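K.L.:
What follows is a predicted protein model with its sequence.
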Amino acid sequence: MSEIEKNADKFLSSHSVNWQLGLDILEALVVSQGDRALARQVLHRVVELKPTLAKKFGTQDPVLNEIANRHVFIALDDVVRLGAYYKVPVIKEVGQLDLEIFAVLSSEIKLAETDWISPGAHVFGFGSCFAVNFINHLNRMGITASSSVLSEDINSPRNNCHLLDWVLNGHVNYISEQLPKLNPEFNPAEFLARLKGATHIVLTLGTVYFLARIGDDGAALPALIPGRGTVTVSPSFGELQKDIDEILKLLRQVNPGAVVMVTVSPVPLRGVMHKANPVVANVFSKSMLRAAIESFRGAGRFTYLPIYDAIVGLAPHSDFAAFGKDDGECRHLNGLIIDSVMRQITSLIVRQPGGATNIAPTGNS
């Protein structure tokens, strides 16, 4: 049974009144060619929750029509879309977490337009340490995947720009000078080969901040290694957009045919040199990244995977800890959160071999 089919079972056995979630699951079953009978059950449940949808589907299914005929509708019900105002419930167990994470992810990822990761794909992830979780999960699914990681606190768009410019174009910069000191095993040729050979590139950004040395002329010269005279710099919003735009251009330069997927790491910053409380600094940093990425959405340059949004948005509604419970490290996501997110995101973007026949969301036999 696929992960989407498992979600369908969870939805059918839950007390959820979120009919939009049911529609998202139904669409996922249709696109992934899931179990036809299960899709019909989900459709019936959706119409139970939102009877006006029976007419919109235009179905002759007697069960749906019988459900719709039980109700007398108020016109406002069609004007105010209840799904748009759905409140996240208190999440008490993992099955419920699965459904809520799926609801967030599926509402943002356009399944019909997704460039699926197939069994023959080669996925290369780079960016923060959270990218490792994504790559490891794909490997467990039998997908060829690898990663290269900048630690969370230096994984900024500015540093990634200079990293790519060095690896792709051979330009000497502070990354080429200082990264070998931080990681003597880093191999630029191997990084470049994996970028060129990837069918899918997953970029996970961690922070907006970067270190810099203030020159004699007052200019901020980027740096990787803290030291005397280094300060923390937070770019302007326009500069951040320019950095992300440059990353996307450089990726297209080296691999114009690859599918690019972008996300923000949910791992919080440990602290920022010369900045205020790390909680405040982290909120500012992640908010800037999300806003900058959002400004590029809709241009067809990448698919945004709302992993960060799902984790950070749902954590306050869960009555179990999202961070630190497994190993006492406050920055580490708990395994059940990671597993749930990875199951749901891959259920939407990974195409498994085989599958059932096409299903239609009409309920007809």
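P.N.:
Cool, the structure landed. Computed from a predicted structure; not experimentally measured.

K.L.:
just how off-centre is stretch 312-323 within its chain?
P.N.:
17 Å (CA atoms, centre = their mean, to the nearest Å).

K.L.:
I should have written stretch 121-134 there, sorry.
P.N.:
Using CA atoms, centre = their mean, the offset of stretch 121-134 from its chain centre is 12 Å.

K.L.:
what does that stretch rub up against?
P.N.:
Contacts to stretch 121-134, defined as CB atoms under 8 Å, 6 or more residues apart in numbering, come from residues 117, 135, 138, 143-152, 155, 160, 191, 194-195, 197-206, 265-267, 307, 333, 338, 342, 345. Just so you know, the C-beta spots here come from the backbone N, C-alpha and C atoms, and that holds for glycine as well.

K.L.:
buried ones in it?
P.N.:
Buried residues in stretch 121-134, defined by neighbour count with 16 or more other CB atoms under 10 Å: 121-131, 133-134.

K.L.:
Between its first and last residues, how far does that stretch reach?
P.N.:
14 Å (CA to CA, to the nearest Å).

K.L.:
Do me a favour and average the pLDDT over that stretch.
P.N.:
If you average the pLDDT over stretch 121-134, you get 84.

K.L.:
What of stretch 104-112?
P.N.:
Stretch 104-112 comes out at a mean pLDDT of 80.

K.L.:
in it, what's buried?
P.N.:
Under the neighbour-count criterion of 16+ other CB under 10 Å, stretch 104-112 has Val104, Leu105, Ser106, Ile109 buried.

K.L.:
ok, then the element right after the lowest-mean-pLDDT helix or strand in the chain?
P.N.:
Least confident helix or strand, the chain: helix 76-79 with a mean of 47, by mean pLDDT, DSSP states H and E. Sequence-wise, the next helix or strand downstream of helix 76-79 (DSSP states H and E) is helix 94-108.

K.L.:
Phe302 and Asn169: what is the separation?
P.N.:
Noted for Phe302: a distance of 21 Å to Asn169, by CB to CB, to the nearest Å.

K.L.:
Turn the buried residues of stretch 121-134 into JSON lines, columns for secondary structure and distance to Gly227.
P.N.:
Shown next, in JSON lines, are the buried residues of stretch 121-134 (DSSP: H, G, I helix; E, B strand; the rest coil; distance: CB to CB, whole Å):
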{"residue": "Ala121", "secondary structure": "coil", "distance to Gly227": "42"}
{"residue": "His122", "secondary structure": "strand", "distance to Gly227": "38"}
{"residue": "Val123", "secondary structure": "strand", "distance to Gly227": "36"}
{"residue": "Phe124", "secondary structure": "strand", "distance to Gly227": "32"}
{"residue": "Gly125", "secondary structure": "strand", "distance to Gly227": "30"}
{"residue": "Phe126", "secondary structure": "strand", "distance to Gly227": "26"}
{"residue": "Gly127", "secondary structure": "strand", "distance to Gly227": "25"}
{"residue": "Ser128", "secondary structure": "coil", "distance to Gly227": "23"}
{"residue": "Cys129", "secondary structure": "coil", "distance to Gly227": "23"}
{"residue": "Phe130", "secondary structure": "helix", "distance to Gly227": "27"}
{"residue": "Ala131", "secondary structure": "helix", "distance to Gly227": "27"}
{"residue": "Asn133", "secondary structure": "helix", "distance to Gly227": "31"}
{"residue": "Phe134", "secondary structure": "helix", "distance to Gly227": "33"}
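
K.L.:
Before we go further, Leu12 is sitting in a helix, right?
P.N.:
Yes - per DSSP: H, G, I helix; E, B strand; the rest coil, Leu12 lies within a helix segment.

K.L.:
if I pick it, what's in contact with it?
P.N.:
Residues counted as contacts of Leu12 (CB under 8 Å, 6+ apart) are Gln41, Val42, Arg45.

K.L.:
rerun at 6 Å
P.N.:
By CB atoms under 6 Å, 6 or more residues apart in numbering, Leu12 lies in contact with Gln41, Arg45.

K.L.:
so what pLDDT did it get?
P.N.:
92.

K.L.:
Next, Leu38: secondary structure please.
P.N.:
Secondary structure of Leu38, per three-state DSSP, is helix.

K.L.:
For the closest residue in space to Ala322 that isn't next to it in sequence, which three-state class applies?
P.N.:
Sequence neighbours aside, Ala315 is the residue nearest to Ala322 in space, at 4.0 Å (criterion: CB to CB, 6 or more residues apart in numbering). Under three-state DSSP, Ala315 falls in the helix class.

K.L.:
what about Ala315, how many neighbours?
P.N.:
Counted with other CB atoms under 10 Å, residues neighbouring Ala315 total 17.
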